[in-house]
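A.B. asks: sequence and predicted model, in that order:
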Amino acid sequence: MTDPARNETVRTFYGEMPFNYWSDVSQAANSVRSNPLQAYCDLDDLLEGMQTPSVLEIGCGAGWASNSLALHYGANVTAVDFTATALDRAREVSAHLGLEAQTRFIESDLFRFETEQTFDLVLSIGVLHHTHDCRRAFAKAASFVKPGGYLFVGLYHLYGRRPFLGMFHDILATEGEEAAFDRYAALHSQSQDATHVKSWFRDQVLHPQETQHSLEEVMGWLDDAGFALLSTNLNGYDDVSDRANMIETEKTFEALSNQRNRIEGRYFPGFFTVLAQR
Ligand SMILES: C[S@@+](CC[C@H](N)C(=O)[O-])C[C@H]1O[C@@H](n2cnc3c(N)ncnc32)[C@H](O)[C@@H]1O
């Protein structure tokens with residue numbers, strides 16, 4: 001999908017309801033207090049070893065990651081998103097947690113965002129695959145990393161995502177949206193907040209624009225941008241020197257995703273992360 005007008009469709013979609021949106025600020029703040037970034041153990045380890053890192057978040061949404069970076073790792077965070085409602089919430093949570101001095105939330109399309117500053121860490125979680133040109137968005141994010149700095153990106157996975165989407169598209173076509181929502185809510189059982197679950201369901205099942213990507217493809221993008229891959233969740237954050245093996249292994253994620261989603265009824269949306277160094 002290479003039509004830039006798709007970005008406006010995406011902005012409208014999130015303007016109706018941002019992703020990961022709690023019904024109130026205090027629940028959002030509690031989620032930040034629990035430090036959801038620890039789910040990404042390579043990123044958590046990296047941040048634990050950094051002193052007041054400068055961080056740019058591309059597509060910060062309602063701000064859980066930016067506010068967690070500031071609260072738990074002492075980061076100074078610049079965060080960009082083009083959805084005003086999401087940024088309003090991100091600022092409210094920042095104020096609630098007393099993080100205003102460490103966080104700056106900027107309304108901008110990522111393709112138009114410019115700054116002279118480069119950063120110790122640039123991260124973008126679940127964003128670039130919702131643009132009209134994921135590869136260009138990836139290169140843009142990478143361009144803000146200092147020499148020696150880090151890039152952390154999360155994207156939908158070509159192999160792991162298809163069974164998840166296929167299952168929900170089947171339910172949508174045969175039983176309708178309510179049934180698809182009920183199925184999603186059953187899988188996503190960790191949240192009791194109806195608004196929050198709805199915001200995830202829309203994002204993960206009803207999205208008007210997404211692309212999926214492979215580790216093989218992203219390793220090529222990293223090579224082109226002058227980055228070395230350090231780790232990925234696709235191999236459990238293990239050694240990344242055997243590229244051929246990782247490329248073969250990632251193809252097995254289609255079967256794994258089928259097993260998890262359709263047979264075991266476990267949540268497996270098909271998402272992968274890479275941590276790389278410039
Ligand atoms: C799935 S949400 C992820 C938000 C956040 N990273 C998180 O993990 O909660 C995708 C976000 O990307 C933002 N986004 C998508 N395309 C964008 C663009 N071209 N420029 C700026 N933000 C964009 C949307 O507004 C939305 O907040």
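C.D. replies: Here it is on my side, so go on.
A.B. asks: what about whatever residue of the stretch 1-150 of the chain ends up closest to the ligand, neighbour count?
C.D. replies: With C-beta to the nearest ligand atom as the measure, Gly61 is the residue of the stretch 1-150 of the chain nearest to the ligand, at 2.7 Å. C-beta coordinates here come from the backbone N, C-alpha and C atoms, glycine included. Look at Gly61: counted by other C-beta atoms under 10 Å, it has 26 neighbours.
A.B. asks: please apply the same query to Phe201.
C.D. replies: Around Phe201 there are 21 residues (other C-beta under 10 Å).
A.B. asks: swap in the one 3 residues further on?
C.D. replies: By other C-beta under 10 Å, the residues close to Gln204 number 23.
A.B. asks: Thr131 too?
C.D. replies: Burial of Thr131 is recorded as 24 neighbouring residues (other C-beta under 10 Å).
A.B. asks: walking through the stretch 1-150 of the chain, point out its helices one by one.
C.D. replies: 5-16, 25-33, 41-48, 64-73, 84-96, 134-142 (DSSP state H, counting those that start in this stretch).
A.B. asks: go through these and name the closest to Asp109.
C.D. replies: With distances scored as C-beta to C-beta, the stretch of the helices of the stretch 1-150 of the chain nearest to Asp109 is helix 5-16 (6.4 Å).
A.B. asks: just checking, what packs against that closest one?
C.D. replies: Contact analysis of helix 5-16 by 3 or more C-beta pairs under 8 Å, 6 or more residues apart in numbering; DSSP states H and E lists helix 84-96 as its packing neighbours.
A.B. asks: buried set for the helix it packs on?
C.D. replies: Applying a neighbour-count criterion of 16 or more other C-beta atoms under 10 Å, the buried positions in helix 84-96 are 85-87, 89-94.
A.B. asks: can you tell me which of those residues is closest to Phe271?
C.D. replies: Each of the buried residues of helix 84-96 was scored against Phe271 by C-beta to C-beta, and Ala86 proved nearest at 19.1 Å.
A.B. asks: chain center to stretch 218-237, what's the gap?
C.D. replies: On the basis of C-alpha atoms, centre = their mean, to the nearest Å, the separation between the geometric centre of stretch 218-237 and that of its chain is 16 Å.
A.B. asks: likewise stretch 6-13?
C.D. replies: Relative to its parent chain, stretch 6-13 has a centroid offset of 17 Å by C-alpha atoms, centre = their mean.
A.B. asks: how about the residues of the stretch 1-150 of the chain near the ligand?
C.D. replies: If contact is defined as C-beta under 6 Å from any ligand atom, the residues of the stretch 1-150 of the chain in contact with the ligand are 7, 10, 14, 18-20, 59-61, 64-65, 81-83, 86, 109-111, 125-127, 130-131.
A.B. asks: what's the PyMOL line that selects buried ones from these?
C.D. replies: If you want just the buried ones from those in PyMOL, going by 16+ other C-beta under 10 Å, the selection is:
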select buried, resi 7+10+14+18+19+20+59+60+61+64+65+81+82+83+86+110+125+126+127+130+131
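A.B. asks: circling back to that earlier point, out of the helices of the stretch 1-150 of the chain, which one sits most buried?
C.D. replies: Mean neighbour counts were compared across the helices of the stretch 1-150 of the chain using mean count of other C-beta atoms under 10 Å; the top stretch is helix 64-73, at a mean of 25.
A.B. asks: for the buried residues of helix 84-96, which one is nearest Asn30?
C.D. replies: Proximity of the buried residues of helix 84-96 to Asn30 was ranked by C-beta to C-beta; the top entry is Val93 with 9.9 Å.
A.B. asks: what's that closest one in contact with, if anything?
C.D. replies: Contact analysis of Val93 by C-beta atoms under 8 Å, 6 or more residues apart in numbering lists 25, 28-29, 32, 62-64, 67.
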